[in-house]
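# What would the 3D arrangement of this be:
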Amino acid sequence: MISGRQALAFIDNTLNEERAKINKAGQSIEMLNATQVEYQREDAKDYRELAKIRIDLLAGGQLVEHLKRTEQHVLALLKNREAAARELNERIQAAEGARVTLEAKRAVQADEVDQAVEAVDQAEGDTQRRLDADPDYQVQRERTREAARTAKHADEKATQSEQERMLKSESYRHDALFMYLWKRQYGLPEYSANALIRQLDGKVARLIGFADARANYERLNEIPVRLREHAERLKAVAEEAFQALKILDTKAQKADGIPALEQALAQQQSKLDHIDARLEIGRIEYQELLARKTAFATGNDEHTRKAVAYLAAEFQRDDLTELRREALATPFPEDDLIVNRLLQRDNERCQLESSLQGLKETLEQYRKRLAELESVQAEFKRHRYDRAGSSFRDGALVTLMLGNFLNGMLDRRALWKLFQEQQRYRPEHSNPTFGSGGFGHGSVWGSSIRDDLGGSFSSRGGGGFRTGGGFGGRGGGGFRTGGGF
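Below is the predicted model of the structure:
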């Protein structure tokens, strides 16, 4: 078992690791993109050198000047990119700083909420101990328990009788002659027929012994109805006893000032909710900034696209193509040296593109996992699973499933479902199943804590009376019998 705060700390550490992976992958991609742009700039320089060597080509001097202007234009675009990237990084740092500040405020406010929860829990524990020693309360609690046991037993008997009726009445329902006379209400004042039909029906009745069969069938149908009516009456008695016990619980809470403590808890929780809402807004904004940074890292920002597209278009010019073709066709050593550099960069560029594609896919996977895990973290905090008293039954399983999530073997919904199934809240002083809380109707004890947590209470036993499989669930609604009281 691990505490809620331990589980949250593990999530936080995992998030930091994912952010570090994203930064590392982004830096690697930026380096490769910078290398790619540098290759193109080197190509421009080499083409300019070729143009100087092959000045005999038509308008050779003009080509040199054009390539010089091309390089200057690309440098201007990249300078704009650096300024935009610097501004984006400043915004990301500011967002991270704001998140750290809010997280610190949240930690302080979470402690305030925990103190308010402790005050409610302590007060309810004191009230329960006082009631437990009250003779009048003991009498009403025992009366409620006995009424619940009696109602449950009556419901079970009625249900059993109804099931037996279905089995024992099968032979009657499948007897066509018997059911014919039964539906005609033969032998009852309501029976109506002419003389001939009466004579024929009488022969059939004597033939199958209808009079005795009808009496048996009537009893078979009547007993479950009577038992069910009796069970419903006892159910009403049990409901009345339960409501009386619940009133005693509620009055005791008011007398001990618990509603005021619950109100104070609600106010502290509201402040925490406000901080969580701001954190959620910040998380969304941070994801948007991170997406923009990814665009810069992968070369998909506006400035890089313009620079790459501009250079690519320039290198497709007919005069540059002719320049390279002539250099390849002539045996001048100066030409060969420059052309070899161009060809080598072409090969390196192909390898670089392959590496870039793999890194981009990895970065996108990291970003998706980060966004999903941040969403789980937000839900974790919103449900206050990090509250004092909150725990997770199988810490090893939680750790394993987080690892599976990071490896892509588990999605966000499955991970959150695991947290919901594993989470338990166990008050330190009070017992949610005390008194009226132990009869499957929900509980007036710890309701402000339970509603806020949205999780499951772990009972320490005692307090409410249980029979068989227990008194059923904790949902509201009317007084229940049958499937569990």
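# Not counting residues beside it along the chain, what's closest to residue 381?
Residue nearest to residue 381 in three dimensions, not counting chain neighbours: residue 276, with 5.7 Å by C-beta to C-beta, 6 or more residues apart in numbering. Yep, even glycine has a C-beta here, placed from its N, CA and C like the rest.
# Find the helix or strand that the one you found is a member of.
Under DSSP states H and E, the secondary-structure element containing residue 276 is helix 258-297.
# what's the average pLDDT for that helix?
Helix 258-297 shows a mean pLDDT of 88 in the predicted model.
# So which elements touch it?
Packing partners of helix 258-297 (3 or more C-beta pairs under 8 Å, 6 or more residues apart in numbering; DSSP states H and E): helix 4-53, helix 60-132, helix 333-382, helix 447-453.
# where does the stretch 151-300 of the chain have low pLDDT?
Filtered on pLDDT under 70, the stretch 151-300 of the chain yields the residue ranges 297-299.
# all strands of it, in order?
With DSSP state E, counting those that start in this stretch, there are no strands along the stretch 151-300 of the chain.
# mind listing what's buried in stretch 184-201?
By neighbour count with 16 or more other C-beta atoms under 10 Å, stretch 184-201 contains the buried residues 186, 187, 201.
# Need the residue closest to the centroid of this structure.
residue 416 (4.2 Å; C-alpha atoms, centre = their mean).
# Now do the same contact list for it.
376, 379 (C-beta atoms under 8 Å, 6 or more residues apart in numbering).
# List the buried residues in the one helix or strand it maps to.
Residue 416 is part of helix 412-422 when elements are defined by DSSP H and E. In terms of neighbour count (16+ other C-beta under 10 Å), helix 412-422 has its buried residues at 412, 415, 416, 418, 419, 422.
# Can you tell me the closest non-neighbouring residue to the first one?
Right, the one you point to is residue 412. residue 372 (4.1 Å).
# measure the one you found to residue 365 for me?
Using C-beta to C-beta, to the nearest Å, we find residue 372 at a distance of 11 Å from residue 365.
# next one: phi and psi at residue 444?
Main-chain dihedrals, residue 444, degrees, to the nearest 10: phi -80, psi -10.
# Same check on residue 387?
When read as degrees, to the nearest 10, the backbone of residue 387 gives phi -70, psi 150.
# Check what pLDDT the residue nearest to the centre of the chain gets.
88.
# swap in residue 357?
The predicted local confidence for residue 357 is 79.
# Could you do the one 3 residues further on as well?
Confidence at residue 360, expressed as pLDDT, is 80.
# from what I can see the residue nearest to residue 381 touches residue 383, true?
No: in this structure residue 276 lies outside contact range of residue 383 using C-beta atoms under 8 Å: 10.4 Å.
# I'd like the helices and strands packed on helix 258-297 laid out as JSON lines, including distance to residue 138.
Formatted as JSON lines, the helices and strands packed on helix 258-297 follow (distance: least, C-beta to C-beta, whole Å):
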{"stretch": "helix 4-53", "distance to residue 138": "36"}
{"stretch": "helix 60-132", "distance to residue 138": "8"}
{"stretch": "helix 333-382", "distance to residue 138": "41"}
{"stretch": "helix 447-453", "distance to residue 138": "23"}
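# Pick the most buried one from the ones you listed.
helix 447-453 (a mean of 19; mean count of other C-beta atoms under 10 Å).
# can you tell me the average pLDDT over it?
When pLDDT is averaged along helix 447-453, the result is 57.
# per-domain residue ranges of the chain.
If you go by automatic domain parsing, the domain ranges for the chain are 12-131+261-365, 132-257.
# For residue 443, which of those is the nearest?
Residue 443 lies closest, by C-beta to C-beta, to one member of the domains of the chain: domain 132-257, at 8.8 Å.
# ranges for the helices of the stretch 101-250 of the chain?
135-168, 170-173, 176-183, 195-208, 210-255 (DSSP state H, counting those that start in this stretch).
# To residue 72, which of those lies closest?
If we rank those by C-beta to C-beta, the stretch that ends up nearest is helix 210-255, at 79.6 Å.
# returning to that earlier point: for the residue nearest to residue 381, list the residues it contacts.
So residue 276 contacts 106, 378, 381, 382 (C-beta under 8 Å, 6+ apart).
# from the buried residues of helix 412-422, which is closest to residue 434?
Relative to residue 434, the closest of these is residue 422; by C-beta to C-beta it sits at 25.2 Å.
# Next up, phi/psi of the nearest residue to that closest one once chain neighbours are set aside, please.
The spatial neighbour of residue 422 that comes closest, neighbours along the chain excluded (C-beta to C-beta, 6+ apart), is residue 392 at 4.3 Å. Per-residue torsions, residue 392: phi -130, psi 130 (degrees, to the nearest 10).
# Residue 8 is in contact with residue 392, correct?
No: applying C-beta under 8 Å as the test, residue 392 and residue 8 come out as separate, 10.4 Å apart.
# before we move on, back to that, in a markdown table: the domains of the chain, plus distance to residue 438.
What follows is the domains of the chain, written out as a markdown table (distance: least, C-beta to C-beta, whole Å):
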| stretch | distance to residue 438 |
| --- | --- |
| domain 12-131+261-365 | 12 |
| domain 132-257 | 9 |
